[in-house]
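[1] What shape does this take:
(chains A and B)
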Amino acid sequence: MDNIDKQLVNRLQDGFPVTPRPFLTVAEELGLEESEVMERVQTLLDDGILSRFGPMFQAERLGGGLTLAAMKVAPEDYEKVTEQVNAFPEVAHNYQREHELNMWFVLATETPEGIQDTIDRMEEVTGYKVYNMPKQEEFYVGLRFEL
Amino acid sequence: MSDYVLNSDPSDMNKTDVPSFSQKTPEAPAEKAKSYIFTQIDRDLVIATQEGLPVVARPYQAIAEQLGISEDEVMFRLEKMKECGVIRRIAGVPNHYRIGFKANGMTVWNVADDRIKELGRQVGQLPFVSHCYQRPRHQPYWNYNLFAMVHGSERAQVEERTQIVKELLGDACSEHEILYSSKILKKTGLRLAN
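    Next up is the predicted model:
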């Protein structure tokens, strides 16, 4: 990553223009050619420096259900339960964490009611209690890294 | 929820310079959102863009062709969804692990109910906090009601920063923990079904 890439990552975090030639808009701001901006963005994506490029949707506003949930799984069952939990298409992310509650996952469903239904089925399949922790209030989401 | 990434990717070990944080601006907070009638075309637009925008000179035109609508309509609907909070923002998101934030702790806090709104907002404003939510307790087993994701270049820095949160919360907080992730078990992200 050179200085131009850093400038570009900083600029793209601030938002991508909704104009017919958005790369040209960004290029003009940074004093670059449109083609160079496109090439660099593609490379940053290919290299995984940018993990996403595009609209960030707010899932609840799309009419679906969304929650964070956790389980306390015995070590001897961990692998099996991981497979069972991951098999649910509603599980968007799943992380092992260093805690007694050692499995944390995000559930996203087409409807708000789908959350409880998924949790019920998951408890039945795994035999473990699912601790449902939906957000009650959002204080902040976002982070800008200055490179 | 693209931005519902809860933690970094430990499989990714490329080291780069540790960057700094910049001034915070929240991404379309829920309470500011207006109502929006979500149509089938919007749904198609979500499905067409949820993996990201195409890197072509006219990305909105490319999406328009795919959906059989005009470029203007694509841009209009994206702007509308932004205004209404359906889209938090349209942007590039760096992989924080790749740009130097190797350590990320989910910090959880037991905060007095009558002070959580005021304090939650303040914690969310700290420059190293990426997500900050109030969530329900599961007493007596789980007494934490405030979650804040704290980022740092290494665990020692996450711990220093957690100390700053602790000082901010003061006597309104009786206990806290840092939960580090040890493994990503699944990461498909949130996707509307096609």
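[2] CA only for contacts and neighbour counts going forward, please
    Fine.
[3] Give the partner strands of the longest strand seen in chain B in its sheet and their orientations.
    Looking across chain B with DSSP state E, the single longest strand is strand B:173-187. Its sheet considered, strand B:173-187 pairs with strand A:91-97 (antiparallel), strand B:103-111 (antiparallel) by DSSP bridges.
[4] wait, is B:Arg89 part of a helix?
    No. Read with DSSP: H, G, I helix; E, B strand; the rest coil, B:Arg89 is strand and lies in no helix.
[5] hang on, isn't it packed against A:Met56?
    Yes. Between B:Arg89 and A:Met56 there is a contact under C-alpha atoms under 8 Å: 5.5 Å.
[6] So those two - more neighbours on which side?
    Neighbour totals were compared for B:Arg89 and A:Met56, and A:Met56 leads with 27 against 23 (other C-alpha atoms under 10 Å in any protein chain shown).
[7] can the one helix or strand the more buried one maps to be found next to chain B?
    Assigned by DSSP states H and E, A:Met56 belongs to strand A:50-57. Yes. Strand A:50-57 reaches chain B (C-alpha under 8 Å from any C-alpha of the partner chain) through A:Leu50, A:Ser51, A:Arg52, A:Phe53, A:Gly54, A:Pro55, A:Met56, A:Phe57.
[8] Next one: B:Tyr60 from chain A, what distance?
    According to C-alpha to the nearest C-alpha, to the nearest Å, B:Tyr60 and chain A sit 7 Å apart.
[9] Now do the same contact list for that residue.
    A:Pro20, B:Glu71, B:Val74, B:Met75 (C-alpha atoms under 8 Å, 6 or more residues apart in numbering or on different chains).
[10] can you check A:Gln42 too?
    B:Val55.
[11] quick check, it in a helix?
    Yes. Under three-state DSSP, A:Gln42 sits within a helix.
[12] Look at A:Met38 and tell me its secondary structure.
    helix.
[13] That one contacts B:Pro54, correct?
    No. When contacts are counted by C-alpha under 8 Å, A:Met38 is not listed as touching B:Pro54 (10.0 Å).
[14] For burial, what's the neighbour tally of A:Arg52?
    A:Arg52: 22 neighbours (other C-alpha under 10 Å).
[15] Check B:Lys187 too.
    17.
[16] Show the pLDDT at the residue nearest to it when sequence neighbours are not counted.
    Spatial nearest neighbour of B:Lys187, chain neighbours left out: A:His93 (4.4 Å); criterion: C-alpha to C-alpha, 6 or more residues apart in numbering or on different chains. As predicted, A:His93 sits at a pLDDT of 90.
[17] Tell me where the chain is predicted with low confidence.
    As the question left the chain open, I've gone with chain A. Of all residues in chain A, none has pLDDT under 70.
[18] that's the other chain; I wanted chain B
    B:1-23, B:25-36, B:189-190, B:192-194.
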